[in-house]
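Peer 1: Using only what follows, build the 3D model:
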Amino acid sequence: YLQKNSEVIKPIRLIGQSKRQNDKGFSQKKQWEAVSSFKSGFRNVLIATQVGEEGLDITSTDAVVFFDNTSSAIRFIQRKGRTGRIKTGKVYILYFRNTRDESYLWAAMRKEKKLKKFLREISSAGGSSIYPSLLEFTNLHKKEFSSEVKIIIDYRELKSQVASELKKLGVALIPTNLSIGDYIISEKVCIERKTAGDFSKSIVDNRLFDQIRALKSAYESPILLIEGESLYLTGVDAKAVRGALITIAVDYGLPILWSRSAIETALLLRRMAIREQREKGVRMRIRAEKKPPTLYEQQLYLVSGLPGIERKLAERLLRKFSTPQKVFTASQQELVEVEGIGKQKANQIRKTLTTPFKPESNSN
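Peer 2: This is a model prediction of the structure:
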């Protein structure tokens, strides 16, 4: 449109050699012609993909415009380096607030600042007398220099958009088969990620609380992360959804984080990784095995085996009668005194505890 309708702006494209759906890509000759026409002034605007970030023999331009952003400090510096070589130039960066673009921008600026600090240290140290090469310097200061954080990811999550967004954010992913959780941030923090639809399905097929118990038993700070706009548009009864959320938060004491999209999930995971690995220095470790249950957990498990008794009621019974033995010997009238246990449930408990065991005919 500009080529045909503007007398002031005379643009030309510069793209890579890869073929796209509706674009054949540029040959090396065509790329050279595009750069030459821009250098000569025949074209005064060069619209380039990543191929324009480095290796261009253009001495100076008046301005550079970032249409999108990168979290890489090197690419950020290379882009800016297209201007200001001979005379002062300007850089314009386009982004929307509270989006991935803004996160990439701040990440790149922080890394650039850190890189400049390291280069100043090299200079003040007298260059090669102390640090024979930049590579040796960065190896000596690997922890400070590296901006990369690592996250252990379950193989089943690798094809998700979350994994794709984490890679764009510069997170190193370590794929493995996880028996518990989807993402491991540190030896303390493990995240079970569920979309709104999967959360509802896991209530119906009874997977949810098994997964929550496994998380709680294996990690010190497990987290359930729910991703989606709403949990109440999945066809599952809203009361059941609310009940599950309350049970997870109150009975299991498990934190629940909410994310609206895969991008938001990736940003949350990356921030947690930075906090655990860099700021707190906690190492990563897979805990596939459950911790030995405490006496408290064993008692709850034992009482929860009674008919109609879930964890919350089991805790009330133990608070009332002190020991599992006293729960099992309590009368029907005493059981009814516990909140949440009516006559019918109390009768069923007593029947289960007092009826002589009779093996079923088809049992071994």
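Peer 1: Would you verify that residue 276 is located in a helix?
Peer 2: Yes: assessed with DSSP: H, G, I helix; E, B strand; the rest coil, residue 276 lies in a helix.
Peer 1: ok, now which ones touch it?
Peer 2: By CB atoms under 8 Å, 6 or more residues apart in numbering, the contact set of residue 276 is 185-186, 188-189, 282. To be clear about C-beta, it is placed using only N, CA and C from the backbone, and glycine gets the same treatment.
Peer 1: Turn those into TSV, including distance to residue 338 and pLDDT.
Peer 2: Formatted as TSV, the contacts of residue 276 follow (distance: CB to CB, whole Å; pLDDT from 0 to 100):
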residue	distance to residue 338	pLDDT
185	40	92
186	40	88
188	36	86
189	36	92
282	41	68
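Peer 1: From those, which land in strands?
Peer 2: Under the assignment DSSP state E, the contacts of residue 276 contribute residue 189 to strands.
Peer 1: Report the buried members of the contacts of residue 276.
Peer 2: In the contacts of residue 276, burial by neighbour count holds for 185-186, 188-189, 282, counting by 16 or more other CB atoms under 10 Å.
Peer 1: give me every residue that touches the closest residue to residue 11 other than its chain neighbours.
Peer 2: Spatial nearest neighbour of residue 11, excluding adjacent residues (CB to CB, 6 or more residues apart in numbering): residue 45 at 4.1 Å. The neighbours of residue 45, taking CB under 8 Å, 6+ apart as the test, are 2, 9-12, 38.
Peer 1: Just want the phi and psi numbers for residue 45.
Peer 2: phi -130, psi 120 (degrees, to the nearest 10).
Peer 1: Out of the contacts of residue 276, flag the one nearest to residue 90.
Peer 2: Closest approach between the contacts of residue 276 and residue 90, by CB to CB: residue 185, at 40.1 Å.
Peer 1: related to what we said a few turns ago, nearest to residue 297 among the buried ones among the contacts of residue 276?
Peer 2: residue 188 (18.9 Å).
Peer 1: Need the per-residue pLDDT for the spatially closest residue to residue 156 that is not a sequence neighbour.
Peer 2: Nearest in space to residue 156, with sequence neighbours left out and distances taken as CB to CB, 6+ apart, is residue 182 at 7.6 Å. For residue 182, the pLDDT comes out at 94.
Peer 1: still on that earlier bit, per-residue pLDDT of the residue nearest to residue 11, please?
Peer 2: For residue 45, pLDDT reads 87.
Peer 1: Against residue 12, how distant is it?
Peer 2: Between residue 45 and residue 12 the computed distance is 7 Å (CB to CB, to the nearest Å).
Peer 1: Now tell me which helix or strand of this structure has the poorest mean pLDDT.
Peer 2: helix 142-145 (a mean of 45; mean pLDDT, DSSP states H and E).
Peer 1: That one: what's the following helix or strand?
Peer 2: Downstream of helix 142-145, the next assigned helix or strand under DSSP states H and E is strand 150-154.
Peer 1: can you list contacts of that next one?
Peer 2: Residues outside strand 150-154 that contact it (CB under 8 Å, 6+ apart) are 163, 166, 171-178, 181-185, 269-270, 273, 277, 284, 286.
Peer 1: Pull out the C-alpha coordinates of it and format them as PDB.
Peer 2: Output in PDB follows, covering the C-alpha atoms of strand 150-154 (Å, rounded to 0.1, in the frame of the first residue of the first chain):
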ATOM      1  CA  LYS A 150      15.400 -24.000  34.700                       C
ATOM      2  CA  ILE A 151      12.100 -25.800  35.100                       C
ATOM      3  CA  ILE A 152      11.500 -29.600  35.100                       C
ATOM      4  CA  ILE A 153       8.500 -30.300  32.900                       C
ATOM      5  CA  ASP A 154       6.400 -33.400  32.400                       C
END
